[in-house]
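Please find the sequence and the predicted model below.
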Amino acid sequence: MMRTQSFPDYSGGGILGLMQSIATACGSPNDAYPPLTMLPASQLARARHIVLMVVDGLGERTLRRHAGSPHLQQHLLGSLSSVFPSTTASAIPTFMTGLAPAQHGLTGWHMHLSEIEQTLAILPLLPRVGPPTLAPASLPDRLFNHPTLFESLDRECWVVTPQSIAHSPFNTWHARGAQIAAYSSLPDMFGQLAELLTSPRPRYIYAYFPDFDSLSHHFGTGSRQALQVLGQFDALFGRLIDSLRGSRSWLLVTADHGFIDSPSRRLVSLDDHPALAALLQRPLCGERRVSYCYVAPENRPSFESYVRRWLSRSVHLYDSRQLIAAGWFGPPPYHQRLAERIGDYTLVSKGNWTIRDRLPGERHYPMLGVHGGISDYEMRVPLSAVLI
C-alpha cells in the first residue's frame with residue numbers, strides 16, 4: 001500500500017510555526033522560528049483572547065472526509081505539518097513549549113534516558129515493564145530543562161485538560177506559567193472554555209482533548225466510534241462560536257498528528273527475527289512507526305545487512321544522526337542529549353507497516369490505528385480558525 005510521504009515543516013508551515021505566531025501575538029520576546037505563514041501574529045494579536053484546542057489524532061484527511069464536522073470544515077484555514085516523529089510524545093511538548101523536538105529533546109513514546117539509565121514511557125514517566133523504581137514526580141526536574149511557552153507570554157495563561165492527566169508530573173511541569181483547569185467530560189471542557197472567555201483580561205488558553213486518539217487506536221481512523229466523538233466535538237465547537245460572538249476571541253483547532261490504519265498482517269514482530277533482536281543492545285525505543293535501534297559498533301554491519309535483506313519491504317533504514325543533520329527533528333541548536341535519545345539507527349515504516357518487540361511480562365496493546373511516521377495521513381493536520 002503506497003502512501004505519499006510528508007516531511008516536517010519547521011519553516012512556517014507546521015504546528016511549530018503556529019506556536020511561534022501565538023507566542024509573538026501574546027507578547028513573547030522569543031522569535032527562534034518562522035511564524036505560521038497562513039496565520040501571522042499580527043492577525044492573532046487583534047483579539048483579546050486566543051484559544052488553542054488540540055484534538056489528539058485528528059488528521060487533515062479524516063476531517064475533510066467527515067461530513068459530521070460542518071463547523072470545523074467551514075472554518076478550515078488549511079493544513080499544517082506535525083513534527084517528527086508525528087506522535088503525541090513529541091508534538092504535545094511542542095504545543096506546550098513552542099520548541100521543536102530538536103530543542104525539547106522528546107523523541108517518542110519510549111525513550112532511553114541515560115540520566116537515569118532507564119527506558120520510560122515518557123508521558124506517564126513509567127518504565128516499560130515492571131513497577132517504577134523512581135517516583136514519577138521526582139523525574140521532571142531530572143529529565144527536562146526546557147522552558148514552557150506559558151512562562152514567556154505577557155498575559156494570563158490557562159491549560160484545560162482531562163482530570164486523568166491534569167496534575168500528572170509531566171503535565172504539571174509543562175504547564176508551568178499557566179493555571180490548570182481539569183475537566184470531566186467534553187461538554188465540561190467547552191463549558192470551562194466559555195467561562196474563561198468571559199474575562200476582560202487577555203488570556204491564552206490551551207485545551208487538550210484525547211478521546212479521538214484513543215478511539216482511533218482501538219477501532220481505526222474511520223470507525224464509527226472515533227467519528228462519533230469528533231461529531232460531538234464539532235457540535236460543541238459550533239455552539240461555542242454562537243454563544244461567544246463579540247468576545248474578541250480567536251478559536252483555533254488543530255491536532256498533534258494524524259493516523260494510519262495498520263492491520264496485524266502488516267506488523268513486523270522481532271519475535272520472528274531473533275537474529276536481529278540479538279544484535280540490539282537494548283529493546284526498541286520510539287514508536288511502532290518510528291523505532292530507534294541501539295547497536296554496538298561491532299554489530300552494525302550485520303544489523304544493516306539483516307535489515308536490508310529481510311525488512312526492506314517494510315522499513316526504511318536510516319543512520320539516526322543523518323536525520324538530525326537533515327532537519328527531521330528541527331533546526332539547531334540541538335538538545336544536548338538528542339543524539340543519544342534516538343539510538344544509532346532509525347527504522348521508519350513504509351506504507352502502513354509497523355514494527356514491534358515485546359518484553360517478558362509486557363502487556364499487549366493491539367492497535368489498528370497508529371501514527372508516528374511520515375505518511376501524509378500521519379503528518380498532515382488541519383487548522384480551523386475563527387475570530388468571534
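Arrived safely.

which residues of the protein score low on pLDDT?
1-3 (pLDDT under 70).

what's the single longest helix in it?
Criterion DSSP state H: the longest helix present in the chain is helix 224-243.

Just the CA trace of it, in CSV.
Output in CSV follows, covering the C-alpha atoms of helix 224-243 (Å, rounded to 0.1, in the frame of the first residue of the first chain):
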residue,chain,number,x,y,z
ARG,A,224,-18.0,4.9,13.9
GLN,A,225,-16.7,5.3,17.5
ALA,A,226,-14.0,7.8,16.6
LEU,A,227,-16.1,9.8,14.1
GLN,A,228,-19.0,10.0,16.6
VAL,A,229,-16.8,11.7,19.2
LEU,A,230,-15.5,14.0,16.5
GLY,A,231,-19.0,14.9,15.6
GLN,A,232,-19.7,15.7,19.3
PHE,A,233,-16.7,18.0,19.4
ASP,A,234,-17.7,19.7,16.3
ALA,A,235,-21.3,20.4,17.6
LEU,A,236,-19.9,21.9,20.8
PHE,A,237,-17.4,23.9,18.9
GLY,A,238,-20.3,25.4,16.8
ARG,A,239,-22.2,26.3,20.0
LEU,A,240,-19.2,27.9,21.5
ILE,A,241,-18.9,30.1,18.4
ASP,A,242,-22.6,31.2,18.6
SER,A,243,-22.5,31.8,22.4
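
Buried residues in it, which are they?
Judged by neighbour count (16 or more other C-beta atoms under 10 Å), helix 224-243 contains these buried residues: 226-227, 229-238, 240-241. Backbone N, C-alpha and C define where each C-beta goes, glycine included.

Same check on stretch 19-33?
For stretch 19-33, a neighbour-count test (16+ other C-beta under 10 Å) marks M19, Q20, S21, I22, A23, T24, A25, C26, S28, Y33 as buried.

Mind telling me what element the first one is part of?
So the one you mean is M19. helix 15-25 (DSSP states H and E).

Tell me the helices and strands packed up against that helix.
helix 41-44, strand 49-55, strand 76-81, helix 88-97, strand 249-254 (3 or more C-beta pairs under 8 Å, 6 or more residues apart in numbering; DSSP states H and E).

Can you name the residues in contact with it?
9-11, 30-37, 39-45, 50, 52, 80-83, 91, 94-95, 98-100, 149, 152-153, 204, 252, 254, 256, 330, 381, 383 (C-beta atoms under 8 Å, 6 or more residues apart in numbering).

Buried members of those residues into PyMOL, please.
A single PyMOL command suffices to select whichever of the contacts of helix 15-25 are buried according to 16+ other C-beta under 10 Å:
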select buried, resi 9+10+33+34+35+36+39+40+41+44+45+50+52+80+81+82+83+91+94+95+98+99+100+149+152+153+204+252+254+256+330+381+383
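
which SS class is R245?
When classified by DSSP: H, G, I helix; E, B strand; the rest coil, R245 comes out as coil.

wait, isn't it in contact with V386?
No. Look at R245 against V386 with C-beta atoms under 8 Å: they stay out of range, at 9.9 Å.

more neighbours, these two?
V386 (18 against 11; other C-beta atoms under 10 Å).

so what's that one up against?
V386 neighbours (C-beta under 8 Å, 6+ apart): H75, I241, W250, L251.

out of the residues you listed, which is most surrounded?
L251 (26 neighbours).

Can you tell me how far that one is from V295?
L251 sits 47 Å away from V295, going by C-beta to C-beta, to the nearest Å.

Distance of the most far-flung residue of the chain relative to its centre relative to E117?
Relative to the mean C-alpha coordinate of the chain, counting by C-alpha atoms, centre = their mean, the farthest residue is E298 (34.6 Å). Separation of E298 from E117 (C-beta to C-beta) stands at 22 Å.

before we move on, what about E151?
Counting by C-beta to C-beta - E151 and E117 are separated by 30 Å.
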